[in-house]
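[1] Pasting a predicted model and its sequence here:
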Amino acid sequence: MAKKDNEIIEHLSSMDLGSTGEPVSESEAPKEEVSEAPKAEETVKDSKAPQKKWYIVHTYSGHENKVKVNLEKRIEYMNMADKIFRVEVPQKTITKIKDGKKQDREEKIFPGYVLVEMIMDDDSWYVVRHTAGVTKFVGSAKKPIPAKDSEIKRIIHRTQSQSNKIELDVKVGDKVRIVSGPFSDFPGDIIEVYPDKSKLRAMVSIFGRETPVELEYKQIQKL
């Protein structure tokens with residue numbers, strides 16, 4: 001009898017009992033949540049994963065837009081969208097005023113260069129380097145050098161800030177007529193020209209007195 005009682009005690013002690021003294025099933029037993037810490041190998045692997053960067057590609061002069069179109073087609077055809085993300089040709093819009101008529105044209109900020117945002121490896125290098133019109137990557141012959149983020153931001157800012165530049169075929173001594181502003185319809189003689197600001201100064205007769213007036217290119221018409 002004593003032996004049998006010992007066997008029963010050992011059996012009960014091996015069971016998980018609740019507060020009521022009843023056995024608790026596996027589904028009812030509280031489970032301790034264990035958060036899995038990232039493995040050291042995975043952390044190292046993530047830190048070494050290739051990052052996308054901007055690279056500068058040299059092209060034949062006048063072929064910048066063709067290179068952009070050709071490269072974008074190759075990216076799609078060769079399924080490289082996961083490694084080559086953006087192709088940009090930095091340019092600005094120039095509005096030229098001649099004989100009172102406005103003409104818009106695009107002008108390259110860096111003729112002969114195209115910007116490519118990509119993850120550099122042998123495959124992506126091959127796709128870009130062998131695009132028609134591309135001559136080389138900026139950098140050493142064996143290793144393209146990525147552009148600095150500060151350089152790319154400066155280029156983009158320059159593109160945006162100069163997008164509305166106006167050119168006017170005028171020079172000191174030319175006669176003009178003011179077409180807008182408080183002196184509209186007044187004639188004047190140009191005495192200074194500021195091409196970088198798209199402005200000029202003209203001598204205008206106001207109430208019989210010659211007065212220098214600063215004007216924007218868009219405010220005048222050459223006579």
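    Yes, it's here. From a predicted model like this one, the values you see are computed outputs, not experimental measurements. Numbering: from 1, shown residues only.
[2] Got the domain ranges for the chain?
    49-166, 170-222 (automatic domain parsing).
[3] Chain neighbours aside, what residue packs nearest to the residue nearest the centre of the chain?
    When CA atoms, centre = their mean is applied to the chain, the residue found nearest the centroid is residue 156 (6.7 Å). Of all residues not flanking residue 156 in the chain, residue 90 sits nearest, at 7.7 Å (CB to CB, 6 or more residues apart in numbering). Backbone N, C-alpha and C define where each C-beta goes, glycine included.
[4] Can you get me a residue count around the one you found?
    Look at residue 90: counted by other CB atoms under 10 Å, it has 18 neighbours.
[5] so where's this structure uncertain?
    By pLDDT under 70, the weakly predicted segments of the chain are 1-49, 98-100, 141, 160-165.
[6] on that earlier part again, list the contacts for the residue nearest to residue 156?
    Shown in contact with residue 90 (CB atoms under 8 Å, 6 or more residues apart in numbering): 108, 109, 110, 113, 115, 155, 156, 158, 159.
[7] Would you convert these into a markdown table that also reports distance to residue 74?
    Output for those, formatted as a markdown table (distance: CB to CB, whole Å):
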| residue | distance to residue 74 |
| --- | --- |
| 108 | 22 |
| 109 | 24 |
| 110 | 22 |
| 113 | 19 |
| 115 | 16 |
| 155 | 23 |
| 156 | 24 |
| 158 | 28 |
| 159 | 24 |
